[in-house]
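A.B. asks: The following block contains a protein sequence and its predicted model.
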Amino acid sequence: SAVISQKPSRDICQRGTSLTIQCQVDSQVTMMFWYRQQPGQSLTLIATANQGSEATYESGFVIDKFPISRPNLTFSTLTVSNLSPEDSSIYLCSVASAGNTEAFFGQGTRLTVV
Amino acid sequence: DQQVKQNSPSLSVQEGRISILNCDYTNSMFDYFLWYKKYPAEGPTFLISISSIKDKNEDGRFTVFLNKSAKHLSLHIVPSQPGDSAVYFCAASAQGFQKLVFGTGTRLLVSP
């Protein structure tokens, strides 16, 4: 199974600022995804991070608010921009490879916006 | 619209007994189902999965059953252990593993 390192593990940010979350995998993976888990809610897919091209966003999520980079097959970043208290959530990186039957998750980043 | 539902937010079971966690889905396009376990301050950990071409998959103490006609799946844990205490998420995909739709989770408490 892939080992996923997600940084930071938690942060407290001021309104109006941005937070960039990093996801590093110990092996090359085909697919990388970003999820959000709001308090008391399920995990919701934000976007698929595509290597070398723009991410594919799910309904309700836009690039201006959640810019994503994926410069290579082992690394991706998610930025949560113009923070508001409603952005307080756990953000999770997930990876999968062709031929595998499961997706693996990082430990998550707990973001609190004050 | 919640496409994957876990109607029991919590479940308490005694050690050694069976734990049964249930999940219902509405999207007929889902063809792959997974169960994840999540401890506090950790990411979800993959447990077991099942393809829509099967109705049962077993891995050690964990068995997943799929009833396609009822759009229902369940996870059985036998015997339950205190270390199984966690939140369990059901997830489904219409494109293999690629994009997962999660249920809201069931918190399992296994008491000694």
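C.D. replies: Everything's here; your move. Numbering: from 1, shown residues only, chains lettered A, B, ... in the order given.

A.B. asks: can you count the residues close to residue 58?
C.D. replies: Unless you meant another one, I'm taking chain A. Summarising burial for A:E58: neighbours were counted as other Cβ atoms under 10 Å in any protein chain shown, giving 15. C-betas here are computed from N, CA, C, even on glycine.

A.B. asks: that answer is for a different chain, and I need it for chain B
C.D. replies: Other residues within reach of B:E58, judged by other Cβ under 10 Å, total 12.

A.B. asks: Now for it: which residues touch it?
C.D. replies: Going by Cβ atoms under 8 Å, 6 or more residues apart in numbering or on different chains, B:E58 touches B:V64.

A.B. asks: distance of it from B:F65?
C.D. replies: Spatial separation of B:E58 from B:F65 under the definition Cβ to Cβ, to the nearest Å is 10 Å.

A.B. asks: again with B:D55
C.D. replies: Separation of B:D55 from B:F65 (Cβ to Cβ) stands at 7 Å.

A.B. asks: which one of those two has more residues nearby?
C.D. replies: Residue environment comparison for B:D55 versus B:F65 gives the larger neighbour count to B:F65, 17 against 13, counting by other Cβ under 10 Å.

A.B. asks: Contact partners for that one?
C.D. replies: For B:F65, the residues meeting the contact criterion (Cβ under 8 Å, 6+ apart) are B:55-56, B:73-74, B:76.

A.B. asks: Quickly list what the closest residue to chain B within chain A is bridged to.
C.D. replies: Of all residues in chain A, the one sitting closest to chain B is A:F105 (3.5 Å; Cβ to the nearest Cβ). Counting by DSSP bridges, A:F105 is bridged to A:S94.

A.B. asks: show me where the chain has strands.
C.D. replies: This is for chain A. Counting by DSSP state E, residue ranges of the strands within chain A are A:4-7, A:10-13, A:19-25, A:31-37, A:43-49, A:56-57, A:68-72, A:75-80, A:89-96, A:104-105, A:109-113.

A.B. asks: think we crossed wires, I meant chain B
C.D. replies: Assigned by DSSP E, chain B shows strands spanning B:4-5, B:10-14, B:19-25, B:32-38, B:45-51, B:56-59, B:62-67, B:72-77, B:86-93, B:101-102, B:106-111.
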